[in-house]
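J.: Kindly generate the corresponding structure for this input.
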Amino acid sequence: MMMNSTQVLYFTLSAYFDTGVLKYLYFMIVMSLYVLIVGSNLLLVVVICMNRSLHEPMYLFLCSLFVNELVGSSGLFPFLLVQILSDIHTVSAPLCFLQIFCLYTYANVQFYNLAVMSYDRYLAICYPLQYNTRMTFNKVAMLIALAWLFPLLNIVVMISLSASLQLCGNIIDKLICDNYSVVKLACYDTTGNNIYGLMYTFIVVFGLAILISFSYMKILRVCFSGSKQTRQKAVSTCTPHLASLLNFSFGAFFEISQGRFDMNGVPIMLRVFLSLYWLTCQPLFNPFLYGLNLSKIRILTRNVIFL
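T.: Alright, predicted model coming up:
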């Protein structure tokens, strides 16, 4: 019998499997990861906010990145911890859509932040003498606001379209709630959702990808034609960002591939790892990546820890 979205009171997450007493070990591992992620990202947010010497564009963009990783982690780990200990892996429809909102906001804001940071590095390396006049405080505030407001608007529209669909089932073959999985449960045509998704992909995602590619093409050209000091500056400031960008792209690619292609031939543990990779590795590695490579952050963080 067909049922609309208001009659779907809960979703069943079928990707979970019985782990017996090992669930307590998995719970401790996931809890440790969550504490480490929250602690490291929160520490760097505090360090950047409390030290006026770090109130520069690059570090303010990093602060936005770390805050976003706190949002994404909080949308994943508490939910995951409850499901690991639970014997019945269900989630209410409102909570499912709330998780979709948090995780998709994280993914979108992360991509916007990385694009803005690449633009910032492009100006710093290609126009060092004009950098302070081109990247003013007002411009930094505007870029950070846009990096949050555009994705939030997109996610609100996307969830509104998904929540209004008539659904003929409530089983999601994943560990977490996923918008594409909900759309696949629709009884009728999902043309509106598909058109909106394609438009957003082509206009925004490709647009940001072009901005990132343009920025790094210009940076590489300056590196090859500039002095040794210029190359060293570019490498020291761009390496963490480029590593973060590649890590995020790698995780997002596998997450999208799992939703669009048949992955039944892939071992279940590998599928579980890949489905959580982009939500855990980015917030876990970024604080250490930037904290270890950027000397100002490293020194001030050490001062806070050993105060």
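J.: which stretches of this structure form strands?
T.: With strands called from DSSP state E, the chain shows them at 3-4, 10-13, 90-92, 166-167, 171-172.
J.: now for the longest one, which elements pack on it?
T.: Contact here means 3 or more Cβ pairs under 8 Å, 6 or more residues apart in numbering; DSSP states H and E; on that basis strand 10-13 packs against strand 90-92, helix 93-126, strand 171-172. Every C-beta, even on glycine, is put in place using the N, C-alpha and C of the backbone.
J.: Adding distance to Leu43, write the strands of the chain out as JSON lines.
T.: Shown next, in JSON lines, are the strands of the chain (distance: least, Cβ to Cβ, whole Å):
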{"stretch": "strand 3-4", "distance to Leu43": "46"}
{"stretch": "strand 10-13", "distance to Leu43": "32"}
{"stretch": "strand 90-92", "distance to Leu43": "31"}
{"stretch": "strand 166-167", "distance to Leu43": "42"}
{"stretch": "strand 171-172", "distance to Leu43": "35"}
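J.: Mean pLDDT, mean neighbour count and distance to Ser249 added to those, as a markdown table?
T.: Shown next, in a markdown table, are those (pLDDT from 0 to 100; neighbours: other Cβ atoms under 10 Å; distance: least, Cβ to Cβ, whole Å):
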| stretch | mean pLDDT | mean neighbour count | distance to Ser249 |
| --- | --- | --- | --- |
| strand 3-4 | 44 | 13 | 37 |
| strand 10-13 | 89 | 18 | 26 |
| strand 90-92 | 90 | 16 | 29 |
| strand 166-167 | 85 | 19 | 32 |
| strand 171-172 | 88 | 16 | 25 |
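J.: out of those, which comes closest to Ala141?
T.: With Cβ to Cβ as the measure, strand 90-92 is the member of the strands of the chain nearest Ala141 (36.8 Å).
J.: now stretch 115-135, how far from the centre of its chain.
T.: Offset of stretch 115-135 from its chain centre (Cα atoms, centre = their mean, to the nearest Å): 24 Å.
J.: Tabulate the CA atom coordinates of that stretch in PDB.
T.: The C-alpha trace of stretch 115-135 is given here as PDB (Å, rounded to 0.1, in the frame of the first residue of the first chain):
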ATOM      1  CA  ALA A 115      37.200  26.900  -2.400                       C
ATOM      2  CA  VAL A 116      37.400  30.200  -0.500                       C
ATOM      3  CA  MET A 117      40.700  29.200   1.000                       C
ATOM      4  CA  SER A 118      42.200  28.300  -2.400                       C
ATOM      5  CA  TYR A 119      41.200  31.800  -3.600                       C
ATOM      6  CA  ASP A 120      42.800  33.300  -0.500                       C
ATOM      7  CA  ARG A 121      46.100  31.500  -1.200                       C
ATOM      8  CA  TYR A 122      45.900  32.600  -4.800                       C
ATOM      9  CA  LEU A 123      45.800  36.200  -3.800                       C
ATOM     10  CA  ALA A 124      48.500  35.800  -1.100                       C
ATOM     11  CA  ILE A 125      51.000  34.200  -3.500                       C
ATOM     12  CA  CYS A 126      50.200  35.800  -6.800                       C
ATOM     13  CA  TYR A 127      49.500  39.300  -5.500                       C
ATOM     14  CA  PRO A 128      51.500  39.600  -2.200                       C
ATOM     15  CA  LEU A 129      51.900  43.400  -2.300                       C
ATOM     16  CA  GLN A 130      48.200  43.900  -2.900                       C
ATOM     17  CA  TYR A 131      46.900  41.200  -0.700                       C
ATOM     18  CA  ASN A 132      45.900  43.400   2.300                       C
ATOM     19  CA  THR A 133      43.900  45.700   0.100                       C
ATOM     20  CA  ARG A 134      42.300  42.900  -1.900                       C
ATOM     21  CA  MET A 135      41.500  40.700   1.100                       C
END
